Structure formats: structure tokens, C-alpha cells
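> coordinates only, sequence not included:
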């Protein structure tokens with residue numbers, strides 16, 4: 001524990017003159033394999049990704065319909081590479097240099113690439129960013145009718161290995177019969193995904209646990225982390241020893257005993273956590289109350305808890 005009495009901040013320029021380059025790929029794995037080279041050579045201020053499952057979900061849900069039509073059409077994954085500068089001329093020149101490299105050195109066809117300027121530059125790149133920002137809304141309740149849950153929603157691998165990691169993670173989904181879109185901050189190696197876990201029956205919960213354990217071992221094998229952006233939570237805390245090892249986890253336990261000897265502060269979370277399949281809102285013994293309701297909740301057929 002530490003108390004900060006003074007802090008010096010390093011402010012970063014906002015670089016509000018921005019140009020977006022969207023590049024289509026045949027697969028999210030292929031997109032991931034180019035991330036490190038793009039970051040190292042061109043230093044974009046943003047590098048995000050979406051895959052075809054997310055796009056298909058938004059199409060079926062009627063979300064961002066016009067914006068989706070502005071993506072390069074022949075692809076199953078898209079990198080969104082944003083350049084920023086103090087002036088529009090510099091931002092556009094950086095984007096042009098990136099496109100020239102894609103076409104001349106990498107051999108990318110011109111129809112795989114779309115360039116859009118920001119509103120500051122007189123364009124509408126914000127329309128395409130809305131697709132990425134709608135990722136959670138379109139994949140948490142997709143049109144296939146299956147529940148999609150967090151659990152493995154922000155794992156991360158080093159950018160140099162994110163393509164390989166995503167390839168193996170997709171294979172793990174397939175082995176467990178799971179569905180989930182891939183999107184996120186690929187420039188930092190962070191992958192978001194809502195997954196079609198079955199948390200209602202014994203077999204589904206057992207498979208959920210098996211998947212989580214295998215996924216934890218997988219990401220750690222790539223030098224990554226179970227939680228690249230958010231907290232570990234109850235779903236991943238049990239798995240932290242696989243990432244940090246028993247010695248470091250025991251050091252955390254000793255530290256907590258010093259500052260929280262009666263175990264009152266957030267018990268059952270990071271140290272000596274509840275098991276990842278305990279206290280599920282669903283689970284095999286779930287029987288939530290069914291109070292009378294005033295509103296119709298037609299999408300839930302009058303049932304309040306999922307609403």
C-alpha cells in the first residue's frame with residue numbers, strides 16, 4: 001500500500017485531426033498476425049478489430065445498417081487503423097503512407113481498403129467507429145436466440161502473438177461447441193468476446209468450467225493475461241494461480257492478512273476466491289422469483305428476471 005502526496009502528469013496531445021483506414025482480412029487470425037508490424041512501423045493512435053460474426057449479428061438485428069455498407073465487403077475480419085496528428089495534412093499523409101505500404105509491399109488489393117476522414121476533417125469516420133462501439137450490444141444478445149455470457153471477455157496476449165492466440169482460442173471454442181464474436185483492442189492484444197455458455201444444466205456448467213481452465217492455460221502459454229482490461233472478478237479469480245504461480249499468490253495472501261486480518265474487505269474474490277461456477281445467477285439450482293409485473297416485457301414473454 002502507498003499514499004501519494006504529489007504526482008507529475010505527462011499530458012499527451014489529443015491529435016484531433018484523424019484519418020481512419022479500414023482493412024479487410026479473410027479471417028480474424030490473419031488480421032491479428034499483422035498487428036505488431038503495423039504498430040511498430042506506423043504507430044497509429046488506435047488499432048481495433050471486428051469479425052464477421054459481430055457484423056452478421058448487427059445485420060440481423062438491424063443495427064448500423066448504413067454504416068455496415070461502408071466496410072470493405074470481401075472480408076471476414078476488419079482492422080480499423082486510426083491515424084492522428086495536429087494537422088489534417090499530416091494525418092492524411094500518414095494514412096496514405098500506410099495504404100501505399102499495404103498495396104505495394106504487402107500486395108493488398110485496393111478494394112480491401114477504405115479510407116475515411118473524421119468530422120474534424122470533413123468526413124464521417126465516426127459512422128464506422130459506431131460499428132465497433134456497438135460490439136457488446138450486438139453480441140451479448142445476438143439473433144441466434146442463445147444466451148451469450150461474459151467469462152472470457154477480455155483476455156490478452158502480446159501483440160506479436162495475438163494472431164496465434166486467436167487461432168488457438170477459436171479452435172477451443174469449436175472443441176466446446178461454443179459461439180462468440182471476436183473484437184477488441186488488437187493493437188494491445190486484447191480480445192473481447194461474449195460466449196454461448198450453457199449455464200442452466202449440469203453438463204453445460206461442467207463444460208463452462210473446463211473451457212475456462214483450458215482458456216486460462218492457453219493464454220498463459222502465450223505470455224498473456226486472463227484479464228487484459230477489466231477486473232478478474234469471480235469468474236477468473238480462481239484461475240489466477242495459473243497465471244501468477246503459487247508463490248506470488250501466497251505473497252498476495254500474506255499481504256491481505258496484514259491489512260485485512262478479519263477478511264472483511266471484498267472476501268472471496270482475488271485471494272481464496274469463490275469457485276468460478278459458484279453463485280451463478282442461473283446454474284442448475286436457479287429459481288429466481290417471478291413477481292407480478294405491470295409492464296408487458298414482450299421480448300421476455302412477460303418474464304421479469306431476464307429483463
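Noted; the coordinates are in hand. Values in this document were obtained by computation on a predicted structure and should not be read as measured data.

> Grab the most central residue of this structure for me.
Ranked by distance to the mean C-alpha position of the chain (CA atoms, centre = their mean), the top residue is residue 192 at 1.6 Å.

> who touches residue 52 in this structure?
For residue 52, the contact set (CB atoms under 8 Å, 6 or more residues apart in numbering) comprises 75-77. To be clear about C-beta, it is placed using only N, CA and C from the backbone, and glycine gets the same treatment.

> ok, back up a step: I figured the residue nearest to the centre of the chain hits residue 136, correct?
Yes: Residue 192 sits in contact with residue 136 when judged by CB atoms under 8 Å, with a separation of 7.4 Å.

> So what touches stretch 254-274?
Stretch 254-274 is contacted by residues 1, 232-234, 237-238, 240, 249, 252-253 when judged by CB under 8 Å, 6+ apart.

> before we move on, back to that, can you tell me who the residue nearest to the centre of the chain pairs with across the strands?
When bridges are taken as DSSP bridges, the partners of residue 192 come out as residue 183.

> If you count neighbours, what's buried in stretch 50-69?
Using 16 or more other CB atoms under 10 Å as the burial criterion, the residues of stretch 50-69 that qualify are 50-59, 61, 63-64, 67-68.

> what's the span of stretch 99-110, first residue to last?
Length of stretch 99-110, first residue to last, CA to CA, to the nearest Å: 9 Å.

> ugh, wrong one, stretch 150-162
The stretch stretch 150-162 measures 20 Å between its terminal residues, going by CA to CA.

> Now do the contacts for the spatially closest residue to residue 228 that is not a sequence neighbour.
Using CB to CB, 6 or more residues apart in numbering and skipping the chain neighbours, the partner closest in space to residue 228 is residue 156 (2.7 Å). Neighbouring residues of residue 156 by CB under 8 Å, 6+ apart: 162, 188-191, 219, 224-225, 227-229.

> again, 7 Å this time
By CB atoms under 7 Å, 6 or more residues apart in numbering, residue 156 lies in contact with 188-191, 224-225, 228.

> I'd like to know how far it sits from residue 100.
31 Å (CB to CB, to the nearest Å).

> what about residue 239, neighbour count?
Burial of residue 239, expressed as a neighbour count using other CB atoms under 10 Å, amounts to 21.

> Quick check: it touching residue 216?
Yes: with contact defined as CB atoms under 7 Å, residue 239 and residue 216 form a contacting pair (4.2 Å).

> okay, and the common contacts of the two?
When contacts are counted by CB under 7 Å, 6+ apart, residue 239 and residue 216 are jointly contacted by residue 226.

> which regions of the stretch 1-150 of the chain sit below the pLDDT cut-off?
Low-confidence regions of the stretch 1-150 of the chain, defined by pLDDT under 70, span residues 1.

> Walking through it, point out its strands one by one.
For the stretch 1-150 of the chain, the strands defined by DSSP state E, counting those that start in this stretch occupy 17-25, 46-51, 77-85, 113-117.

> what angle separates the last one from strand 77-85?
Comparing the axes of strand 113-117 and strand 77-85 via axes from the mean of the first three to the mean of the last three CA atoms, to 10 degrees yields an angle of 40 degrees.

> Could you name the helices and strands sitting against strand 113-117?
Under the contact criterion of 3 or more CB pairs under 7 Å, 6 or more residues apart in numbering; DSSP states H and E, strand 113-117 touches strand 17-25, helix 88-100.

> Among the ones you listed, which comes closest to residue 277?
strand 17-25 (35.7 Å; CB to CB).

> quick one: contacts of the closest one?
Under the contact criterion CB under 7 Å, 6+ apart, strand 17-25 has outside partners 31, 71-72, 74-75, 77-88, 91-92, 95, 98-99, 102, 112-118, 120-121, 125, 128.
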